[in-house]
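> The sequence isn't on hand, but the structure is:
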């Protein structure tokens, strides 16, 4: 597992980065006093409520309450991972990050070798497609409707009809064949006497990650050879369940249009893309996986599934539905005419017809109900029960309770099943024992009644005047803060203060992985201008927090006394009564 990037390196990168410069290169900022304002890029609004603070090196939106530092912004706007954002900023700031922070020690130095091998293989296959040996493959591609521009753009190639075509190419470069085996380009002979090419006499589709690095290959047979398609195996740089074919080409359009079209195969993606459908990706012929959905979720939360119209395509759509819903995606399904796939449909009917097909897509309820009602007799008791039973796991995963209730009513009306019976069955559905499960990051634990205003104001003062943290620790104690997120932030400020480090909110955010914590910091910074007398607010907040905590402690002791009375445990009751009276006395003396 890759090591965590040291806080000192993150701080150095942030110190050398101007958040205003980075954000203004992506959205239009206007000067507003000490700060800059813009229409928020993360939600729809007419009046600008998105504020960037060059002093604090953070952004905060008063509309959607999102906030963070420059790393957070790149992660959200450019849909990058934390490491990708750090790497991008480090390169711009000319800060050198040791490679150990980006890969495991087991593969130290090997990843570049693997990517280089794949890149060289891709160029070899491209050259072969344009050679005399690749004429048949090139003709097949053009017969399938591919234009020269598309062949070049997707960098398609041809694996020659030889056992060692690629091997001979790499031998001239002095490349270790063991490395080629590890990235799946060659296979070891049964008698261990050497290697042979994995891909032979096939059209080759390079597979790129979102950084445009070649991670693997798909290869299509020229004739009726089986299997029709073969793919790279899982390797140190490639896992087919974590990659979406074509996402490196379509990610910006997906973000702009705010929805993605999901198809199954290489040509199902390439041909519509050629016809102008630029927000499209393919699953590489596999069932949709949680990792692929999370990858896509960086760019949009809405997908339209366009799988083949045969039974296998229907099954693939159904398999992906519950998983997409569990991961809180908005899902629609477009149905192709029988016997067609996205590739053939687009070639026969053009882009406008494909766009119309997407616009007529059905929501998850109508699509799944339609399929199930074809399979089961809704006029029979057992048929109705089967349809309802198969619909309930999907409905159970819908996060919106209003939508969930409306779908239940719809099932009740369509199948003439009592709504209360459906609700009773829905309560039995466990969403954690299905094949597709949502894995969510731990969120901050929430205190009953929400975040206490006194604690938020206290944090606001600390972020403006970090030196007061020692006063808070002395008069109150960081452990007395009830909101977990604020407690962690104040603890980090105290630690930085003890080490003599300068506290800048933008840098402070980099100490936390949790978005809620970053939002807390930006929210606290955003309200500092509402505080007139900071010394008085600080004293009042400390006093109020002590009082609130004492009330909570008294309430807990009253509950302990009640439980001890019910269990007739006199000894325990006396202990709690004594503690209660001591606390009351302490409260009166204040």
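All right, it came through fine. Computed from a prediction, not measured in an experiment: that's the story for all the values here. Numbers count the residues shown, from 1 in each chain.
> got the contact list for residue 299?
Applying C-beta atoms under 8 Å, 6 or more residues apart in numbering to residue 299 gives the contacts 79, 251, 254, 255, 260. (Each C-beta comes from the backbone N, C-alpha and C, glycine too.)
> so how many other residues sit close to residue 171?
11 (other C-beta atoms under 10 Å).
> Select from the contacts of residue 299 the one having the most neighbours.
residue 260 leads the contacts of residue 299 on contacts (other C-beta under 10 Å) with 25 neighbours.
> Starting from residue 301, give me the distance back to the closest residue in space to it that isn't next to it in sequence.
In space, and not counting its chain neighbours, residue 260 is closest to residue 254: 4.6 Å by C-beta to C-beta, 6 or more residues apart in numbering. Using C-beta to C-beta, to the nearest Å, one gets 11 Å for the distance from residue 254 to residue 301.
> Remind me what the helix or strand encompassing residue 462 packs against, helices and strands.
Using DSSP states H and E, the element containing residue 462 is helix 453-464. When contacts are defined as 3 or more C-beta pairs under 8 Å, 6 or more residues apart in numbering; DSSP states H and E, helix 453-464 sits against helix 469-475, helix 484-498, helix 515-526, helix 534-566.
> what is the rounded mean pLDDT of that helix?
The pLDDT scores in helix 453-464 average 86.
> Report the buried residues of it.
By neighbour count with 16 or more other C-beta atoms under 10 Å, helix 453-464 contains the buried residues 454, 455, 456, 457, 458, 459, 460, 461, 462, 463, 464.
> quick one on the thing from earlier: okay if I get the contacts of residue 299 as TSV plus distance to residue 96, secondary structure and pLDDT?
Output for these, formatted as TSV (distance: C-beta to C-beta, whole Å; DSSP: H, G, I helix; E, B strand; the rest coil; pLDDT from 0 to 100):
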residue	distance to residue 96	secondary structure	pLDDT
79	26	coil	73
251	28	helix	92
254	33	helix	93
255	30	helix	89
260	36	strand	96
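> burial of residue 149, as a residue count?
Applying other C-beta under 10 Å, we find 9 residues neighbouring residue 149.
> swap in residue 581?
Per other C-beta under 10 Å, the neighbour tally for residue 581 reads 11.
> Give me the local confidence score for it.
81.
> for residue 590, same thing?
pLDDT, read off for residue 590, is 60.
> Ok, residue 373 next?
So residue 373 comes in at 85 (pLDDT).
> and what of residue 96?
So residue 96 comes in at 83 (pLDDT).
> now do the one 4 residues further on
Note on residue 100: pLDDT of 60.
> same check, this time on residue 555
For residue 555, the model assigns a pLDDT of 81.
> cool, and residue 487?
86.
> Name the nearest residue to it, sequence neighbours excluded.
Residue 487's closest residue in space is residue 481 (C-beta to C-beta, 6+ apart), at 4.1 Å.
> and the one you found, how far is that from residue 33?
Applying C-beta to C-beta to residue 481 and residue 33 gives a distance of 31 Å.
> Comparing the two, which residue is more hemmed in?
Taking other C-beta under 10 Å, residue 481 and residue 33 do not tie; residue 481 has more neighbours (23 against 8).
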